[in-house]
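Peer 1: here's a sequence, model it:
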Amino acid sequence: MSRNVRFHRIGGPEVLQFEEAPEPEPGPGEVLIHARAWGLNRADALFRQGLYSVSPVFPAGLGYEAAGVIAAVGDGVDGLRAGQAVSVLPAFNLLDYPMHGEAVLAPAHAVVAHPEELSFEQAASTWMQYITAYGGLVEIAGTQPGDTVVISAASSSVGLAAIQTARRAGAKTVALTRTGAKRQQLLDAGAHVVIATAEEDVVARIRELTDGRGARVIFDAVGGPVLATLVEAAADNAILVVYGVLDFTPATVNVMALLLKRLTVRGFGVMELASDSRRLAAAVDHVREGIVAGDFIPVVDKVFPMDDFAEAHRYLEAGNQVGKVVVAVSPGNPETGLHK
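Peer 2: Sure thing, here's the model as predicted:
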């Protein structure tokens, strides 16, 4: 049997529960994974609350990120084998393959060999964030040496991955965070400059840092009124990549600034990249190269035991973390064969 996270109605972390089910068998093109760690994302919380891009079908599972060991492979699967340590790419529909269970099915195209430089907890903290950062900063914005890259929600796992990604490209990184409480942690994580948005004049600071030009690349996960500020802080011909929405307040922006600065405002979701096999392969190569070079080091803020899964969601939603919130999956009963 396998314990899986399920919920039967939208709501807060209290709707989450564990349910037991027979361990599934992989079908054609599928892989059965005995999970060792799960990574939590804002998408998980939004999905549970009914605010995500897809709506849950009850009883619903959740979770995009897991790392573990292959227990079995289905027909037609090449290059993967039982006993192999792997992690999962966010390249599937959440309704079809929820990852937060002891024994989970994943499509083979979304399963990659476990980077030997990382722990299972770090591997479960890698692919969603670094692929998102790659897609927005490298593939779309073409970040290059000399660029100033402004990163909102910088203490999130994607924000930290974006700092490392921009630094690897040779850019100057400006991390935005609401207060100065996380300033030193963000500097330690690689940000060149940290701006506390509730305490400083964001536009004036960015102009000061760029000799009045503004930032050429802006990577935003907040939206809402912050978006108007970021438009004002942008340089001529800048690109503003919006990859998330933490503030659902409708944004009002200065249209004249858009026109005069010739700005590009581009929405980006990781599934756009992950649904294209060539783009996904390039992203995976980029992330692997960064890991091997030591430029990409996933930041794990806190690891929760599996039985405290709901508490991990509460911690995630409190927004005080710097880095990834991870759940360590308990070894199963030896009689079930889990995690042998």
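
Peer 1: could you use CA atoms for every contact and neighbour count after this?
Peer 2: OK.

Peer 1: so Ala21 sits against Arg3, correct?
Peer 2: Yes - in terms of Cα atoms under 8 Å, Ala21 counts as a neighbour of Arg3; the distance is 6.6 Å.

Peer 1: neighbour count winner among those two?
Peer 2: More crowded of Ala21 and Arg3, by other Cα atoms under 10 Å: Arg3, with 18 against 12.

Peer 1: quick check: which element contains the more buried one?
Peer 2: strand 2-6 (DSSP states H and E).

Peer 1: run a quick neighbour tally on the spatially closest residue to Thr177 that is not a sequence neighbour.
Peer 2: Of all residues beyond its chain neighbours, the one nearest Thr177 is Ala196 (5.1 Å), with distances taken as Cα to Cα, 6 or more residues apart in numbering. The burial metric for Ala196, expressed as a neighbour count using other Cα under 10 Å, is 17.

Peer 1: for the residue most central in space within the chain, what are its contacts?
Peer 2: Central residue check for the chain by Cα atoms, centre = their mean: the C-alpha nearest the mean position is that of Gln129, 3.2 Å away. With contacts defined as Cα atoms under 8 Å, 6 or more residues apart in numbering, the neighbours of Gln129 are Ser157, Val158, Gly159, Ala161, Ala162.

Peer 1: helices along the stretch 201-340 of the chain, start to end?
Peer 2: Using DSSP state H, counting those that start in this stretch, the helices of the stretch 201-340 of the chain run over 202-209, 225-233, 255-261, 270-274, 277-293, 309-318.

Peer 1: for the chain, give me the ranges with low pLDDT.
Peer 2: 331-340 (pLDDT under 70).

Peer 1: how is it carved up into domains?
Peer 2: Domain assignment for the chain, taken from automatic domain parsing, gives 2-126+298-336, 129-271.

Peer 1: quick one: which of the ones you listed is nearest Gly290?
Peer 2: Gly290 lies closest, by Cα to Cα, to one member of the domains of the chain: domain 129-271, at 7.9 Å.

Peer 1: before we move on, back to that, will you turn the contacts of Gln129 into a markdown table that also has distance to Arg216, secondary structure and neighbour count?
Peer 2: Conversion of the contacts of Gln129 to a markdown table gives the following (distance: Cα to Cα, whole Å; DSSP: H, G, I helix; E, B strand; the rest coil; neighbours: other Cα atoms under 10 Å):
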| residue | distance to Arg216 | secondary structure | neighbour count |
| --- | --- | --- | --- |
| Ser157 | 22 | helix | 27 |
| Val158 | 19 | helix | 29 |
| Gly159 | 17 | helix | 26 |
| Ala161 | 19 | helix | 31 |
| Ala162 | 15 | helix | 31 |
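
Peer 1: now render these as JSON lines, adding distance to Val300.
Peer 2: As requested, the contacts of Gln129 are arranged in JSON lines below (distance: Cα to Cα, whole Å):
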{"residue": "Ser157", "distance to Val300": "8"}
{"residue": "Val158", "distance to Val300": "12"}
{"residue": "Gly159", "distance to Val300": "13"}
{"residue": "Ala161", "distance to Val300": "11"}
{"residue": "Ala162", "distance to Val300": "15"}
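
Peer 1: max pairwise distance over those residues: which two?
Peer 2: For the contacts of Gln129, the farthest-apart pair by Cα to Cα is Ser157 and Ala162; their separation is 8.6 Å.

Peer 1: which residues touch Pro250?
Peer 2: Gly224, Pro225.

Peer 1: let's see that with 6 Å instead.
Peer 2: For Pro250, the contacting residues are Gly224, by Cα atoms under 6 Å, 6 or more residues apart in numbering.

Peer 1: Leu95 too?
Peer 2: Going by Cα under 6 Å, 6+ apart, the list of residues near Leu95 is empty.

Peer 1: related to what we said a few turns ago, show me which of the contacts of Gln129 is closest to Val149.
Peer 2: Using Cα to Cα, Ala162 is the member of the contacts of Gln129 that sits closest to Val149, with 9.2 Å.
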